[in-house]
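Chemist: my questions concern the predicted model and sequence given below.
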Amino acid sequence: METEALLKVTDLHVEFHKRKSSVYAVNGVSFEVYKGETFGIVGESGCGKSMTCKAVLGLLKSPGKVTEGKILFENKDLLAMSPKELNRVRGHELGMIFQEPMTALNPLLKIKSQIFDALDPAVYKTKQQKYDRALEMMKLVGIPSPEVRLEEYPHQFSGGMRQRVMIAIALCSGLKMVIADEPTTALDVTIQDQILKLINSLKEQMNMSVILITHDLGVVAQMCDRVAVMYAGMIMEMTDVVSLFYHPLHPYTTALMGTLPSAQQVGRELNAIVGIPPSLTERIEGCPFAPRCAWASEICRKQCPRLTQKEPGHFVRCHLDNQESGQNGGWDNGE
Ligand code: SF4
């Protein structure tokens, strides 16, 4: 894996304002994704992980908009691009695999036409070139009898096969980075594993970077090199996957780990984090996790901590000193 940043997101804010209500969905998110790595963004529903990636791709729906921040892809400022330029980058350098392939595929068009539409016309000029590329991609994603299936419609495919088609469409122009938003949530467990392995092997073959959005820590462990844990529109902890699982430093991450089922729990209720995530309809003054955190103190309720590097490559947003909690490994709040 190279250590050159392909994507650099700095202090990203996404807000939704209607006449009578506002939602502060993403609140100062910063991260980098390096060439060839799989970067996971994990968190509960509504934590801002999908909104962050939609902002990167320029796919926020009105009234959602980026109100602050910078998004550089290969040092090109995506927020400063015209819709035409952004479309070009989005289709051919930076792509997305959606959670539910049936909603992303056009039910009225043959699979062949949908792959043709996704191909860069500057590279694939003739019908034969397009057909050859479509066939190659169908083979690459493991769809049997690709010549026959190219002539079929989405409803003739199973859920797993539709997700393979979506991956073929997303990757057919030779992307540099793909954002996969919960790509296996809508699939059976056995198919989930096949799709994750497929994404991994295509990433290797095509030397791509992947951003994987998920609520599933098992998927993170299986797929990711580095991970950001999001809560209330902020990154709470960001580090490599081994440190996250063996040496988590943030109380929210520790609480999330505690919700993972273990063999000892067979027949017993699963653990859950007490309380609910905060409403994002108002700006939160202190640490957004304070109402659910066993370590919350006065300062936590008054002042939101900054994301700070506690160990090399390990960033944490917390006021806590490990000596207070006795659970973490040797850091103070660094501010
Ligand atoms: Fe808990 Fe305070 Fe750390 Fe927030 S800043 S996670 S409330 S200890």
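Modeler: Noted; the coordinates are in hand.

Chemist: please count neighbours and contacts with C-alpha atoms only from this point.
Modeler: Will do.

Chemist: need the single longest helix in the chain, by residues.
Modeler: helix 189-206 (DSSP state H).

Chemist: and the contacts of that helix?
Modeler: 36, 141, 160, 163-164, 167, 174, 184-185, 209-210, 223 (Cα atoms under 8 Å, 6 or more residues apart in numbering).

Chemist: name the residues of that helix that come out as buried.
Modeler: Neighbour-count burial for helix 189-206 flags 191-192, 195-196, 198-200, 202-203 (criterion: 16 or more other Cα atoms under 10 Å).

Chemist: quickly name whichever of these is closest to the ligand.
Modeler: Leu196 (31.5 Å; Cα to the nearest ligand atom).

Chemist: that older thread, the helix or strand just after the longest helix of the chain - what's its average pLDDT?
Modeler: Downstream of helix 189-206, the next assigned helix or strand under DSSP states H and E is strand 209-214. Strand 209-214 carries an average pLDDT of 96.

Chemist: show me what strand 209-214 is packed against.
Modeler: strand 22-34, strand 38-42, strand 177-181 (3 or more Cα pairs under 8 Å, 6 or more residues apart in numbering; DSSP states H and E).

Chemist: I'd like the next helix or strand past that strand.
Modeler: That would be, after strand 209-214 and using DSSP H and E, helix 217-223.

Chemist: for that following helix, packing partners?
Modeler: strand 38-42.

Chemist: strand partners (parallel or antiparallel) of the strand it packs on?
Modeler: Within its sheet, strand 38-42 is paired with strand 209-214 (parallel), strand 226-231 (parallel), according to DSSP bridges.

Chemist: contacting residues around the helix or strand just after the last one?
Modeler: When you say that, I think you mean strand 226-231. Sequence-wise, the next helix or strand downstream of strand 226-231 (DSSP H and E) is strand 234-240. Contact with strand 234-240 is made by 26-30, 47-48, 225-230, 244, 249-250, 252-253, 307, 313-318, as judged by Cα under 8 Å, 6+ apart.

Chemist: got it, and stretch 123-133?
Modeler: 112, 116, 119, 172.

Chemist: now do the buried residues in stretch 306-317.
Modeler: Neighbour-count burial for stretch 306-317 [16+ other Cα under 10 Å]: 306-310, 314-317.

Chemist: could you check how far Gln205 is from Leu140?
Modeler: Look at Gln205 and Leu140: by Cα to Cα, to the nearest Å, they are 10 Å apart.

Chemist: I meant Val165, not that one.
Modeler: According to Cα to Cα, Val165 and Leu140 sit 10 Å apart.

Chemist: so which of those two has more stuff around it?
Modeler: Val165 (26 against 15; other Cα atoms under 10 Å).

Chemist: ok, the more buried one touching Met138?
Modeler: Yes: with contacts defined as Cα atoms under 8 Å, Val165 counts as touching Met138 at a distance of 7.1 Å.
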